[in-house]
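Novice: kindly generate the corresponding structure for this input.
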Amino acid sequence: QLQLVESGGGLVQPGGSLRLSCAASGFTMAHFAIGWFRQAPGKEREGVSCISTSGDTTTYADSVKGRFSISRDDAQNMVYLQMNNLKPEDAAVYYCAGAWTYYGLDPRQYDYWGQGTQVTVSS
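Specialist: Okay, the predicted model is just below:
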């Protein structure tokens, strides 16, 4: 059974950091582009970052450029999202997702989704 599981969310003060992890089971993550998305209450799900199958190409939403960094470790079947200088507007449920034939930040194009991990940014 294909499964993605996120972890690493929590409560952090503004300016703080978190590292989210996305673990895959039941499939080889290396065959998929992986994206991170987030959804705040009352808002649509938005793309945050994605990484190509090779790991050579990454994309970031303008709102997180320079603060977030995505990476993958295919040997461990893991993808990470390092989030620095967090802001209150970064608070959301964060999801990782896998795309078989697509690369980009459109959530409609992704095939497999995790259940999400909550990130709260508050003092």
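Novice: contacts for stretch 74-89, please.
Specialist: 12, 14-25, 28-30, 34, 36, 48-49, 51, 55, 63-64, 67-73, 90, 94, 96, 119, 121-122 (Cβ atoms under 8 Å, 6 or more residues apart in numbering). (Glycine included, C-beta is placed from N, CA and C.)
Novice: what mean pLDDT does that stretch get?
Specialist: Averaging pLDDT along stretch 74-89 gives 96.
Novice: report the buried residues of it.
Specialist: 74, 77-81, 83, 86 (16 or more other Cβ atoms under 10 Å).
Novice: which one of those is nearest to Leu4?
Specialist: Closest approach to Leu4 among the buried residues of stretch 74-89 (Cβ to Cβ): Val79, at 8.9 Å.
Novice: where does the closest one land in three-state SS?
Specialist: Here Val79 takes the strand state, with states given by DSSP: H, G, I helix; E, B strand; the rest coil.
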